[in-house]
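> coordinates only, sequence not included:
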């Protein structure tokens, strides 16, 4: 086996494109391009594995120690003697023991997610209409430890009519080659702009696949993949900003879902601003605000007869975000 680490041209292109977002990619890229940097050469152990290239299933193909590298008449690497492995595990083998200690676990995990996003072509997107949303929540899902399989709204079709009847809502889904659901995100169409809401995935590396889709299609996307932060967004240029939206749609239904971002509203609209009568954050199909509860005798008081006390939180400003206090009412047709 050669004492120089060899990558396929496609793998080199990947290292070049991702060198600014991955410490691991940058280190390997410098090794392949700048031989004057001897420090990068001594980080690498080419005698352990070599002849690195990609596989479309998100794995890395390599030639293990003690195996002969074979090519056909056209110079194409043969699959004979080669093995495949998970990206982070294979990359560990490339570096010496001392070099591996220069990276944090988060660096290796970052590389793992970026690599799988870049090379996994066995996944495909579909954008479906709002009428299909109840069916999506009942689809067979890929197993995994991500947020998709633990979503509280899975299989709750009776709660989703507010989504199914919103003309300005779509759902973006990600499937694997077997047709299993791997990820989903509500996509709101607001005055000519698409907003990708919270993303649910079967495996965490798939977040990057959704984020890449949002960037390529000029979508605004939710900055924090949680129900807790409803106002911070990221545009396709990567800039964070804070903004409130109103989405005008029918809200008169008997059951309601837990809504991650546009959790609040009045009759006829939803919003991500906490300043309205209704709150959609229950998992039993109800919404807060339809009735008020008399804590003294547990009688139910109709909302029109109740005295409403609003809680005013401390204002927290975000200097790195633009238009921190801007509120825009956007009518959806």
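Looks like it came in fine. Being a predicted model, the structure only gives us computed values, none of them experimental. Numbering: from 1, shown residues only.

> Work out which residue lies at the spatial centre of this protein.
Note on the chain: the residue nearest the mean C-alpha position is residue 207, at 2.4 Å, using Cα atoms, centre = their mean.

> Which parts of the stretch 1-150 of the chain are strands?
49-54, 60-64, 83-85, 124-129 (DSSP state E, counting those that start in this stretch).

> gap between the first one and the chain center?
The one in question is strand 49-54. For strand 49-54, the separation from the chain centroid amounts to 28 Å (computed by Cα atoms, centre = their mean, to the nearest Å).

> Verify the contact between the residue nearest to the centre of the chain and residue 198 for me.
No: assessed by Cβ atoms under 8 Å, residue 207 is found out of contact with residue 198, at 10.5 Å. Using the backbone N, CA and C atoms, a C-beta is placed for each residue, glycine as well.

> related to what we said a few turns ago, possible to save the strands of the stretch 1-150 of the chain as CSV with mean neighbour count and distance to residue 74?
Shown next, in CSV, are those (neighbours: other Cβ atoms under 10 Å; distance: least, Cβ to Cβ, whole Å):
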stretch, mean neighbour count, distance to residue 74
strand 49-54, 21, 15
strand 60-64, 20, 18
strand 83-85, 15, 22
strand 124-129, 12, 30
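
> Need the ones you listed in JSON lines (columns: mean pLDDT and distance to residue 100).
Compiled in JSON lines, the strands of the stretch 1-150 of the chain are given as follows (pLDDT from 0 to 100; distance: least, Cβ to Cβ, whole Å):
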{"stretch": "strand 49-54", "mean pLDDT": "92", "distance to residue 100": "14"}
{"stretch": "strand 60-64", "mean pLDDT": "93", "distance to residue 100": "16"}
{"stretch": "strand 83-85", "mean pLDDT": "93", "distance to residue 100": "16"}
{"stretch": "strand 124-129", "mean pLDDT": "96", "distance to residue 100": "35"}
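
> picking up where we left off before, before we move on, what's the pLDDT of the residue nearest to the centre of the chain?
Note on residue 207: pLDDT of 92.

> ranges for the strands of the stretch 201-333 of the chain?
Applying DSSP E, counting those that start in this stretch to the stretch 201-333 of the chain gives strands spanning 220-222, 232-234, 240-242, 246-248, 264-266, 269-271, 278-279, 291-293, 300-302.

> I'd like the ones you listed as JSON lines, with distance to residue 58 appended.
Below are those laid out as JSON lines (distance: least, Cβ to Cβ, whole Å):
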{"stretch": "strand 220-222", "distance to residue 58": "22"}
{"stretch": "strand 232-234", "distance to residue 58": "25"}
{"stretch": "strand 240-242", "distance to residue 58": "29"}
{"stretch": "strand 246-248", "distance to residue 58": "36"}
{"stretch": "strand 264-266", "distance to residue 58": "39"}
{"stretch": "strand 269-271", "distance to residue 58": "37"}
{"stretch": "strand 278-279", "distance to residue 58": "40"}
{"stretch": "strand 291-293", "distance to residue 58": "50"}
{"stretch": "strand 300-302", "distance to residue 58": "53"}
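
> just to revisit the earlier point, now the strands of the stretch 1-150 of the chain as CSV including distance to residue 275?
Listed next are the strands of the stretch 1-150 of the chain as CSV, based on distance: least, Cβ to Cβ, whole Å:
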stretch, distance to residue 275
strand 49-54, 50
strand 60-64, 51
strand 83-85, 52
strand 124-129, 31
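
> out of those strands, nearest to residue 255?
strand 124-129 (20.4 Å; Cβ to Cβ).

> if I've got this straight, residue 185 is in a strand?
Yes: with DSSP: H, G, I helix; E, B strand; the rest coil as the criterion, residue 185 is located in a strand.

> who touches both of residue 207 and residue 198?
Residues within reach of residue 207 and of residue 198 at once, by Cβ atoms under 8 Å, 6 or more residues apart in numbering, are residue 225.

> now residue 289: how far from residue 193?
28 Å (Cβ to Cβ, to the nearest Å).

> Who has more neighbours out of these two?
Between residue 289 and residue 193, counted using other Cβ atoms under 10 Å, the more crowded position is residue 289 (17 against 13).

> what about the closest residue to that one other than its chain neighbours, distance to residue 115?
Nearest residue to residue 289, sequence neighbours excluded (Cβ to Cβ, 6 or more residues apart in numbering): residue 278, at 4.0 Å. Between residue 278 and residue 115 the computed distance is 44 Å (Cβ to Cβ).

> Look at the two and report which has more neighbours.
residue 115 (27 against 19).

> what does the model give that one for pLDDT?
The model's pLDDT for residue 115 equals 92.

> ok, for it, nearest residue in space, not its chain neighbours?
residue 87 (4.2 Å).
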